[in-house]
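**Q** A predicted structure for the sequence below; I have some questions about it.
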Amino acid sequence: MRSFLVRRLIRSIVVLWGVTLISFGVLFLNGDPSYAMAGADWTRQDIENFRRAMGFDRPWYVQYLEFLTRALTGDFGNSLSQHQPTFGLVMARMPATLELAGAALLVAIGFGVPLGILSATQRNGIWDSLAMGLALLAQAMPVFWLGIVLVLIFGITIPILPVAGRGGPEHLILPALALGAHSLARNARLVRSSLLEVLGQDYIRTARAKGLGNGGVLLRHALRNSLIPVVTLVALDLGFLLGGSIITETIFAWPGVGRLTVTAVRARDIPLVQTAVTLLAFIFVLLNLLVDLAYSRLDPRIRVA
Amino acid sequence: MTPAADRAVVGAPVVSPTAAVPARRRGEWQRARSSLRRNRLALVSGIILVLVLVGAAFAPLLAPHDPNEIDILNTLRPPSLASVHPLGTDGLGRDILSRVLYGARISLVVSVVALAMSTSLGVTLGLVSGYFRGAVDDVLMGLADIELAFPSILLYIIALAVMGPGLLNIILVLGITRWVPFGRVVRGEVMAIREKEFILAARAVGLGHGRIILRHILPNLVAPVIVVASFGISTNIILESSLSFLGLGVPVAVPTWGAMLNDGREVLRVAWWPATMPGLAIMLTVLGVNALGDWLRDFLDPRLSGAE
């Protein structure tokens, strides 16, 4: 168990280190910031002095080490377009993004798992066809297209739900649906096939033979084992949801990190993009580690693997 | 963002045993019928894809208008088969049908070229990894793990933010980063193949590694690679349109499905069609590719048929 923990921890740290390397590399490749910051009346000597003063003339590894130590204290530099520390700008938007991703995860699990159970227990029935049709559709619908369809139906044709901004719970419904639909469909398929597999096992027959009813077999024996793969996929879901939130937030004018990132990209505000991506990745890695830990508690086989 | 990767890589070990169940329970008659139904779906998908391909290839001949021709007097005309704009016009009066046809070119070119890049990269890395094992394998699969454990769209965004939007840049970014599903599948296959007797025989005859890999292992990888590639296409189409939607993809002057959707979003309150038409185009193309991929997988490699 301990070696499993250590291995996972090391992997998370390596991923994070890779992220800082990428985000630093990107800024470095983007060219010397002195030229971008220089005023129109600066002479060549002024720029050179500025370079020295800011330390941009030093070799890249010295600059990287400095970037790393400053990043560890939450200092990512200033935004070029908003002239404020980027860390504060991104963290102010983080709760909105986590709220949206959390709601979408709730949609994906809260509807996906029951749908999968229904379609596995009533195989080839109406729920089964519904779930499989939905899965096919959701896989072919990019987040932004589904979002636009939802806006069109529930915001414009039958205007019953708000389509822009953050507010009460009703503001969450459409963005969470758009963002969560893909994972919902995948969870339903996964639960279905996993449950079908478990239901064919010998110990399920034994449970039935001892006189346990359908509900009992399902609750006490089948579900527990068939939900394990879903837990692994939650980790993948989180990556998909955090990534997808960038697009969903753009469609629904949701004031989160994703929308901030897109605006920053358009303004070519590289430090802000860099900070947003790094922090999103950090949160993602952290959540992933937690999922891994939960997984190892649920399925002891994992710890040895 | 990577439905194909999830299906091909993550789903496989969990569910494959269920594939045998329907065959046993249902009779031969029903099995034949369901296979027929599946083939019909594949047939319809094939027709859709041929239409998309023809539309893309002959866009200059088929398009009734110049896709970038602005017509201020005819903005937001609703779709009507009788008019000169069968799918209507957008907020600038541009003909939507022409733009959808030209957009198909971008979607297909970006997806296919990027796919070719990631396929060759993934197959090479997977071969090296699975055949030589050892430290190379550890490093490459560690890299693959990291890529899977990281929301790839963040990588695309930061790369494109620096490189700037552009056809070549988007192809490069997708081509280089999407090797992982290929690498993993190929590695697994190679590890299984290299333990087979015919490889042992080849080695006993005195063949070198290069010859064994090229002549004896590579041909056995064709089926699984085609299967992964078929889902890679639809993932690439979705990614390209997502990035174009965000304004990170292809320059504004070129019509793309993603950018059209973004334009259409701005006039959504007054007109549904400028966003809906490219959206339907994306959806139908991806549905077609996926259904055909499903069929291809069953056809080429029945072992994989439970892998979803």
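**A** Arrived safely.

**Q** max-length helix in the chain?
**A** Chain wasn't specified; assuming chain A. Secondary structure assigned by DSSP state H gives helix A:86-121 as the longest helix of chain A.

**Q** chain B, not that one
**A** Longest helix in chain B, counting by DSSP H: helix B:96-132.

**Q** buried residues, whichever helix or strand comes after it. List them.
**A** Using DSSP states H and E, the helix or strand that follows helix B:96-132 towards the C-terminus is helix B:134-148. Buried residues in helix B:134-148, defined by neighbour count with 16 or more other C-beta atoms under 10 Å in any protein chain shown: B:137, B:140, B:141, B:143, B:144, B:146, B:147, B:148. For every residue, glycine as well, the C-beta is placed using N, CA and C.

**Q** next SSE downstream of helix B:134-148?
**A** Later in the chain than helix B:134-148, the nearest helix or strand by DSSP H and E is helix B:152-163.

**Q** for that next one, name the packing helices and strands.
**A** Where contact means 3 or more C-beta pairs under 8 Å, 6 or more residues apart in numbering or on different chains; DSSP states H and E, helix B:152-163 is packed against helix A:2-29, helix A:228-251, helix A:257-266, helix A:270-298, helix B:167-177, helix B:222-245.

**Q** how far does the longest one sit from its chain's centre?
**A** It stands for helix A:270-298. How far helix A:270-298 lies from its chain's middle: 8 Å, per C-alpha atoms, centre = their mean, to the nearest Å.

**Q** residue ranges in the chain under the pLDDT threshold?
**A** Using chain A here. A:1, A:30-39, A:300-305 (pLDDT under 70).

**Q** wait, chain B was what I had in mind.
**A** Low-confidence segments of chain B (pLDDT under 70): B:1-39, B:149-150, B:299, B:301-308.

**Q** any idea how far the residue nearest in space to the middle of it is from residue A:76?
**A** Residue closest to the mean C-alpha point of chain B, counted by C-alpha atoms, centre = their mean, is residue B:233 at 1.4 Å. To residue A:76, residue B:233 is 38 Å away according to C-beta to C-beta, to the nearest Å.

**Q** so where do the helices sit in the stretch 51-200 of chain A?
**A** Along the stretch 51-200 of chain A, the segments classed as helices by DSSP state H, counting those that start in this stretch run A:60-72, A:86-121, A:126-140, A:143-150, A:170-199.

**Q** dump those into JSON lines; add mean neighbour count and distance to chain B as well.
**A** Output for the helices of the stretch 51-200 of chain A, formatted as JSON lines (neighbours: other C-beta atoms under 10 Å in any protein chain shown; distance: least, C-beta to the nearest C-beta, whole Å):
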{"stretch": "helix A:60-72", "mean neighbour count": "13", "distance to chain B": "15"}
{"stretch": "helix A:86-121", "mean neighbour count": "21", "distance to chain B": "10"}
{"stretch": "helix A:126-140", "mean neighbour count": "18", "distance to chain B": "4"}
{"stretch": "helix A:143-150", "mean neighbour count": "25", "distance to chain B": "4"}
{"stretch": "helix A:170-199", "mean neighbour count": "24", "distance to chain B": "4"}
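
**Q** and residue B:116, which of those is closest to it?
**A** Closest to residue B:116 of the helices of the stretch 51-200 of chain A is helix A:126-140 (C-beta to C-beta; 22.6 Å).

**Q** contacting residues around the helix or strand where residue B:185 lies?
**A** Using DSSP H and E, residue B:185 sits in helix B:180-193. By C-beta atoms under 8 Å, 6 or more residues apart in numbering or on different chains, the residues outside helix B:180-193 that reach it are B:2, B:4-5, B:8-9, B:118-119, B:121-123, B:125-127, B:129-131, B:133, B:137, B:140-141, B:144, B:147-148, B:199, B:216-217, B:220-221, B:224-225, B:228-229, B:231-232.

**Q** number of nearby residues for residue 46?
**A** If you meant another chain, say so; for now it's chain A. Number of residues near residue A:46 (other C-beta atoms under 10 Å in any protein chain shown) recorded here: 13.

**Q** not quite, I wanted chain B
**A** For residue B:46, using other C-beta under 10 Å, the count is 15.

**Q** and the residue nearest in space to the middle of chain A, how far from residue A:236?
**A** Note on chain A: the residue nearest the mean C-alpha position is residue A:242, at 2.3 Å, using C-alpha atoms, centre = their mean. Distance, residue A:242 to residue A:236, using C-beta to C-beta: 11 Å.

**Q** what of residue A:185?
**A** Note on residue A:185: its distance to residue A:236, by C-beta to C-beta, is 14 Å.

**Q** hmm, back to that, what touches both of residue A:242 and residue A:236?
**A** Listed as contacting both residue A:242 and residue A:236 by C-beta under 8 Å, 6+ apart is no residue at all.
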